[in-house]
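Could you work out the structure for the sequence below:
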Amino acid sequence: MGYGLGAFLLAVGLILALAVTDSINGVDLTMVGWILALVGVVSLILTAVTATRGRGIRTVETTQDSAGRHVVSDRRTEI
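A predicted model of the protein is given here:
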């Protein structure tokens, strides 16, 4: 998704909810606008959460002891 899609949905939703006065039979454009605005806000929040969640440093180290066994250590550092 991304910030662009979230901002687009939010803008279109608010325009439909607050600025459009036309009507279509059987469709409440104000409600459609509020739904699109809500989806846009949720999209922006999810994008922000997932973008910051993936940051960090991951270090994998493989060593071999005297008996010939491999030991793997995995360390993750959050930034």
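
quick one: the helices in this structure?
In the chain, the helices defined using DSSP state H lie at 3-18, 29-53.

Among the ones you listed, which comes closest to E61?
helix 29-53 (23.8 Å; Cβ to Cβ). Heads up, the C-betas are built off the backbone N, CA and C, glycines and all.

ok so, going back, any chance of the helices of the chain in TSV, plus mean neighbour count, distance to A67 and mean pLDDT?
Output for the helices of the chain, formatted as TSV (neighbours: other Cβ atoms under 10 Å; distance: least, Cβ to Cβ, whole Å; pLDDT from 0 to 100):
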stretch	mean neighbour count	distance to A67	mean pLDDT
helix 3-18	16	52	95
helix 29-53	15	39	92
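
Kindly reformat these as a markdown table containing distance to R75.
Shown next, in a markdown table, are the helices of the chain (distance: least, Cβ to Cβ, whole Å):
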| stretch | distance to R75 |
| --- | --- |
| helix 3-18 | 31 |
| helix 29-53 | 18 |
